[in-house]
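Asker: with the input below, show me the fold.
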Amino acid sequence: MQNSKQNQTNRVVSWLLNAAKLIGLFVLYQLAMIPTMLPSIMHKTSGIGVVLSALASLVLLGLLIWWLIWLYRRQTPMVSRLPRPTRPIWGLVGMFALLEFGNVLSGLVVQQTPENQVILDKVFATNPVLNVILMALLAPIIEELIFRGLMYRWLFPRLTSWGRLVIAVAFSSILFALAHTTTFSPAIIAYLPIAIVLNLTYVWFNDIRYSLALHIINNSVAVIGMFALLSH
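Answerer: The predicted model follows:
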């Protein structure tokens, strides 16, 4: 009995430590983004300062990606009870269609622009090229490694029952949505569709490449929309 209680305590402590490590990694991600925001805060849209800020963020984010990949590869793969799709491409197409349907519904419900999107719009206006690289490629890589790869391998390594699966997807989806807002506002709903679909994709395929591909496609579509708005 004593050993059982001790093992349970050790598991709880380990889970909390892993959760703290995930928070720390997300904080590092936000710190690496600071140089990209400085030109918009200082109302500068050109000059050597903008270029240096962009290069600083690209270097910091590149180093962070390298470290996250190293951490991810060192972890034991997640065990899932879901069978992998027999036709991965069609499965990915179906998940993308589900994601777009969710985005449309959330757009009808939420009229408020999320704080994260407001910040991205300012960065986009200051340095469109940097924003394309950041939003369409680097951000998806970092966020998938943190919110799908490491989170599941550290916090939910064995999804051997439907209960565990539902709890894991719900927890990680809410955390992902909260990470993209600065306040507990209705704008959180805008991020729930992509959060849920990305988590389901990762759990279903049990391969981070598919959720990463879906994340990049979704963000690339958003970048194209931002370019279209600027051109008008």
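Asker: for the protein, longest helix please?
Answerer: helix 2-41 (DSSP state H).
Asker: after it comes which helix or strand?
Answerer: Per DSSP states H and E, the first helix or strand lying C-terminal to helix 2-41 is helix 48-74.
Asker: distance between that following helix and the chain's centre?
Answerer: 16 Å (Cα atoms, centre = their mean, to the nearest Å).
Asker: tell me which helix or strand in the protein has the weakest average pLDDT.
Answerer: Counting by mean pLDDT, DSSP states H and E, the chain has its least confident helix or strand at helix 115-126, which shows a mean of 60.
Asker: okay, buried residues for the very next helix or strand once past that helix please.
Answerer: As assigned by DSSP H and E, the chain's next helix or strand after helix 115-126 is helix 128-133. Going by neighbour count (16 or more other Cβ atoms under 10 Å), the buried part of helix 128-133 is Leu130, Asn131, Val132, Ile133. Using the backbone N, CA and C atoms, a C-beta is placed for each residue, glycine as well.
Asker: low-scoring stretches of the protein, by residue?
Answerer: 1-3, 38-47, 49-50, 111-127, 182-185, 227-232 (pLDDT under 70).
Asker: what strand or helix carries the nearest residue to Leu137 once chain neighbours are set aside?
Answerer: Leaving aside its sequence neighbours, Leu137 sits nearest to Ile216 (Cβ to Cβ, 6 or more residues apart in numbering; 6.5 Å). Counting by DSSP H and E, the element that carries Ile216 is helix 208-231.
Asker: what packs against that helix?
Answerer: helix 88-109, helix 115-126, helix 128-133, helix 139-144, helix 192-205 (3 or more Cβ pairs under 8 Å, 6 or more residues apart in numbering; DSSP states H and E).
Asker: which among those helices is found nearest to Lys21?
Answerer: Lys21 lies closest to helix 139-144 among the helices and strands packed on helix 208-231, at 14.8 Å (Cβ to Cβ).
Asker: list the helices and strands that closest one packs on?
Answerer: Checking 3+ Cβ pairs under 8 Å, 6+ apart, helix 139-144 ends up next to helix 48-74, helix 208-231.
Asker: Serialize those to TSV and add fields for mean neighbour count.
Answerer: Shown next, in TSV, are the helices and strands packed on helix 139-144 (neighbours: other Cβ atoms under 10 Å):
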stretch	mean neighbour count
helix 48-74	15
helix 208-231	17
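Asker: ok, which of those helices comes nearest Phe101?
Answerer: helix 208-231 (12.5 Å).
Asker: compute the inter-axis angle for the closest one and helix 88-109.
Answerer: 50 degrees (axes from the mean of the first three to the mean of the last three Cα atoms, to 10 degrees).
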